[in-house]
Structures are given as C-alpha cells and as structure tokens.
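**Q** Predicted model follows, preceded by the sequence.
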Amino acid sequence: MKYHVIALVCSSLLFLSGCAQKELAQNAPALPQTKDDAPKRAEILQNALKHHGKKDGGDCSGFVTLVNKESFAPYFTTEELNEYFEDARRSLAIYNLLETQNRLYHEKPKVGDLIFFANTVKKYARAKKSIDNITHIGIITKIDTDETVHFIHHTKGKNSISQMNLNYPTLAFFEEKIINSYMGKCPKNEGYLCLAPSYFSAYGSIK
C-alpha cells in the first residue's frame, strides 16, 4: 500500500509538471519571423539580366520601370509615384518616393535593390552639387567579397553592367579587376572624379 501511494504521488507530480511545461510553452513569446524576400530578389535579378545588352526601357528610369512592371512592382506603383515628380526625371521621383517611405540606405547593399546617382547629367547640373540631385538609377545584380557592387543600368543606348566600390573611390582597377566604372568624362589628371563613387547617392530597398 505504501508503495502504491508513493507511485500515485509521483505520477501526479509528473502530470502537474507536464501541464506546467505545456503552459510555459504556450505562454512563451513567439519568435520573430524573418522576412524571406530571396525569391522576390531572384525574380528581379532574372528580369533585369534578360535585358542585358539590349535597348529595352529606352533610358535608365525606363529600364527600372520595365523591370518593376515585370516583377510585380517591388519598387513602386504608377499611382504612388505620380505624386513625387519635381520635373521630368522619373529617377528623382523614385528617389523621392523611397525617401518618404524610409527605404533609402547607404551600407550593405542587397541584390535586387536600386542604386541612385546624382549630378551625372549636365542638363540638371546645379551650381552646388548635391547628393539628392538624382539623375541616374540602376539595379544591383551582385556584390563581391571585396564589396564591389555590380549594377545593371541603361547607359549609352543599352543596358550594361557597371561596378562601384566605395572602399577604393579613386581607383578604376584593383589587382587587375574593374572595381569602379566611369560615369562621365573628366580630364585625364582628374579621371577619378568621374568614377561611380563620385556620383553615388544612395541605395533603395524593395518593399
């Protein structure tokens, strides 16, 4: 009888312990869910690269708009973008929209995000250069281990891939590799002033 009582008490304790564990598990805070946007970024990359070497889009912002449409609007919708035009520059309107939505950033770029450049077009040149005088836009396609950013953009009549490395802003080449592309024409002794880092403004994230 004594052993029967002990066994009964032990089983009761185990039951209560099990209930307590279930209750604790139920009351435990939910783990934060990370947003898996890899499929969306892969789709953007695929849609962008299929236009490589072609004239599709007509200009830099037209190319981005084309990829945006093919990728189910990861950057903007036409309706929301229309509210952010200051002049004819669609690239500036996209920048203004993303700035309002806190989607601009300057470090650790991601494939599929946008890249903005300022002061690349003389038509829109200002007496004092400003990083928000947006004149060019592209889509990031790859980031190397040395932080060289590859991006596809419409330039010189077709969609091409260029490079930018903010760690070496005055170098076009490093260890026989292109790390910074020219974005304009400069005197030979000041060629570094026309490399991509000199015009870089910001990155823009997808939604």
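**A** It's in.
**Q** Got the phi and psi for residue 160?
**A** Here is the backbone geometry of residue 160 (degrees, to the nearest 10): phi -130, psi 160.
**Q** quick one, what contacts it?
**A** Counting by Cβ atoms under 8 Å, 6 or more residues apart in numbering, residue 160 makes contact with 52-53, 152-154. Bear in mind the C-beta positions are built from the backbone N, C-alpha and C, glycine included.
**Q** 10 Å - rerun?
**A** Neighbouring residues of residue 160 by Cβ atoms under 10 Å, 6 or more residues apart in numbering: 52-53, 138, 151-154, 181.
**Q** So it versus residue 182, what's the distance?
**A** As for residue 160, its distance to residue 182 is 12 Å (criterion: Cβ to Cβ, to the nearest Å).
**Q** name the element residue 139 belongs to?
**A** strand 134-143 (DSSP states H and E).
**Q** Let me know the average pLDDT across that strand.
**A** If you average the pLDDT over strand 134-143, you get 98.
**Q** are any of the contacts of residue 160 buried, and which?
**A** Buried members of the contacts of residue 160, scored by 16 or more other Cβ atoms under 10 Å, are 138, 151-154, 181.
**Q** residues near the nearest residue to residue 181 once chain neighbours are set aside, how many?
**A** Counting by Cβ to Cβ, 6 or more residues apart in numbering, residue 162 is the residue found nearest to residue 181 once chain neighbours are left out, at 3.6 Å. Counted with other Cβ atoms under 10 Å, the neighbours of residue 162 add up to 19.
**Q** Which residue ranges of this protein form strands?
**A** Counting by DSSP state E, the chain has strands at residues 104-105, 114-118, 134-143, 149-155, 158-164, 173-174, 177-178, 200-204.
**Q** Turn the ones you listed into TSV, columns for distance to residue 48.
**A** Shown next, in TSV, are the strands of the chain (distance: least, Cβ to Cβ, whole Å):
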stretch	distance to residue 48
strand 104-105	20
strand 114-118	11
strand 134-143	5
strand 149-155	5
strand 158-164	8
strand 173-174	25
strand 177-178	19
strand 200-204	14
